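Enquirer: below are the sequence and a predicted model; questions follow.
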Amino acid sequence: MNVQVLGISVDHVPCLQAWAESLNEISYPLLSDFWPHGEVAEQYGVLRSDGKSERAIFIIDKEGVIQYIDIHDIDKQPSNEVLFAELARIDPDVASKAPAQETAYEELPQGGVVMYCNSWCPGCRKARVWFSENQIEFQEVDVVLNKHAAYQVRKWADGNLVTPTFDIDGTIVVDWKPARMAELLLEN
C-alpha cells in the first residue's frame with residue numbers, strides 16, 4: 001500500500017526489544033524516544049506530564065504533512081478499516097491496494113470452554129498454561145484471524161477488544177482472572 005508503519009515509544013531500546021519478543025516479533029520497526037526523553041512525543045503533542053506518551057496514531061503523507069491523528073485510550077484498539085479509509089482518502093491509488101474485506105461469516109464455537117485470544121497476549125499464554133496444568137480442555141478462537149470473534153468480544157467487553165475473553169458454557173469472563181476461572185471450572 002506504499003505505507004511505512006513505525007512504532008515509537010518513550011521506553012529504552014532493551015525494553016522495546018523485550019516487548020517485541022513478547023509479541024512473537026512484529027513486522028515493523030520500533031523506534032526509541034528515550035533520549036532526550038520524549039522529545040518526539042513532545043513535538044507531536046502527546047507527551048504526558050508523567051513522562052509517558054499518549055497512545056496515538058499519526059498518518060503523515062509523502063510531503064511530511066500530518067493528515068490524520070487518533071489519540072485513544074491505551075486499552076482501545078483503533079479499527080484498521082478506519083485507517084485504510086484514511087489512507088484511501090489521502091492517496092486514492094491506495095484504495096485499489098487495500099486488503100479485501102472478509103465477507104464470509106464464520107460460526108463461533110458453542111459449549112464448553114472457549115478462549116478468545118491472539119498469539120501475542122500475555123494473559124492468553126498464562127491461561128493456556130493454567131488450562132494445561134488443570135487438565136481442562138478448551139477451544140481457541142483467534143480474534144485477529146476471525147472478525148466475527150473480534151466483534152463478539154467487543155460486544156462482551158463494552159466495545160474493547162480484550163484478550164483473553166472466555167465463554168464458559170454461556171458465562172462470559174472478560175480478561176484473565178484465575179480466581180474466577182477456578183470458581184467456574186474447578187470448584188464444581
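Expert: Looks like it arrived, so ask away.

Enquirer: show residues contacting stretch 45-53.
Expert: The contact list for stretch 45-53 (Cβ atoms under 8 Å, 6 or more residues apart in numbering) reads 8-10, 33, 37-38, 41, 54, 56, 71. Just so you know, the C-beta spots here come from the backbone N, C-alpha and C atoms, and that holds for glycine as well.

Enquirer: try it again at 10 Å.
Expert: Residues from elsewhere that reach stretch 45-53, judged by Cβ atoms under 10 Å, 6 or more residues apart in numbering: 8-11, 33, 37-42, 44, 54-56, 58, 69, 71, 74.

Enquirer: please apply the same query to stretch 122-136.
Expert: Here stretch 122-136 makes contact (Cβ under 10 Å, 6+ apart) with 22-23, 112-113, 115-119, 121, 137-138, 140, 142-143, 162-166, 168, 173, 175-178, 181-182, 185-186.

Enquirer: which residues of this protein score low on pLDDT?
Expert: Along the chain, segments meeting pLDDT under 70 span 1, 23-27, 77, 94-105, 120, 188.

Enquirer: returning to what we had before: in ChimeraX, how would I select just the buried ones from the contacts of stretch 122-136?
Expert: Those of the contacts of stretch 122-136 that count as buried under 16 or more other Cβ atoms under 10 Å are selected in ChimeraX with:
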select :113,115,116,117,118,121,138,140,143,162,163,164,165,166,168,173,176,181,185
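
Enquirer: among the contacts of stretch 122-136, which ones are in helices?
Expert: Of the contacts of stretch 122-136, the ones assigned to helices by DSSP state H are 22, 178, 181-182, 185.

Enquirer: rewinding a little: can you select the buried ones from the contacts of stretch 45-53 in ChimeraX?
Expert: With 16+ other Cβ under 10 Å as the criterion, this ChimeraX line picks the buried residues out of those:
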select :8,9,10,11,33,38,40,41,44
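
Enquirer: hang on, the earlier thing: which of the contacts of stretch 122-136 fall within strands?
Expert: Here DSSP state E is the test, and the contacts of stretch 122-136 give 113, 115-117, 140, 142, 165-166, 168, 173 as lying in strands.

Enquirer: phi and psi next, for residue 18.
Expert: Backbone torsions of residue 18, given as degrees, to the nearest 10, read phi -60, psi -40.
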